[in-house]
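1. have a look; sequence and predicted model below, questions after that.
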Amino acid sequence: MLDIAVDFDGTIVTHEYPKIGRELPFAIDTLKRLQTDFQARLLLWTVRDGVELEEAVEFCRARGLEFYAVNANYPEETVNDKQPRKLKADLFIDDRNLAGLPDWGVIYQMIASGNHLKPISNDIQSDYPKKKKGFFGSLLG
Ligand SMILES: [Mg+2]
């Protein structure tokens with residue numbers, strides 16, 4: 001079972017908090033595919049609460065996306081709002097990720113290939129000696 005915590009503002013939609021932004025290309029379709037293709041359990045993980053949270057959930061629901069849980073690990077979990085804590089997810093998708101948010105098509109490919117926890121930056125570094133051409137290659141010369 002793949003539990004994926006996914007942020008809303010800046011991740012599913014453009015960051016226009018407290019308004020609802022425009023959907024980022026393929027965000028919702030990709031999340032629905034992760035549910036159907038990999039039985040992923042999607043945990044909406046957002047600073048929104050109250051009406052603002054309901055608006056985000058409803059925005060997704062209107063487009064056919066239902067979360068397994070919202071700001072919680074599982075549907076019945078009650079969260080003590082005095083103690084915010086990290087979810088027990090296998091993967092976090094958030095525009096505040098180190099290195100930012102990849103395109104949703106890239107996110108799907110990374111998960112489908114099982115490489116979603118593989119560091120991107122280490123790959124780039126290890127490629128440097130092989131790539132002497134190009135701007136950075138010439139700097140390393
Ligand atoms: Mg965000």
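-> Now that the structure is in, tell me what you want to look at. Residues are numbered from 1 along each chain as shown.

2. name the nearest residue to the closest residue to the ion within the chain, sequence neighbours excluded.
-> Residue nearest to the ion within the chain (CB to the ion): Gly10, separated by 3.6 Å. C-beta here means a position set from N, CA and C on the backbone, and glycine is covered the same way. Spatial nearest neighbour of Gly10, excluding adjacent residues (CB to CB, 6 or more residues apart in numbering): Asp95 at 3.6 Å.

3. just checking, the one you found touches Leu101?
-> Yes: counting by CB atoms under 8 Å, Asp95 touches Leu101, with 4.3 Å between them.

4. find the residues that touch each one of these two.
-> Gly10, Thr11 (CB atoms under 8 Å, 6 or more residues apart in numbering).

5. hey, what's the residue nearest to the spatial centre of the chain bridged with?
-> Centroid-nearest residue in the chain, with CA atoms, centre = their mean: Ile93, separated by 1.9 Å. Beta-bridge partners recorded for Ile93 (DSSP bridges): Val6.

6. what sits against it?
-> Ile4, Ala5, Val6, Asp7, Thr11, Leu101, Ile107.
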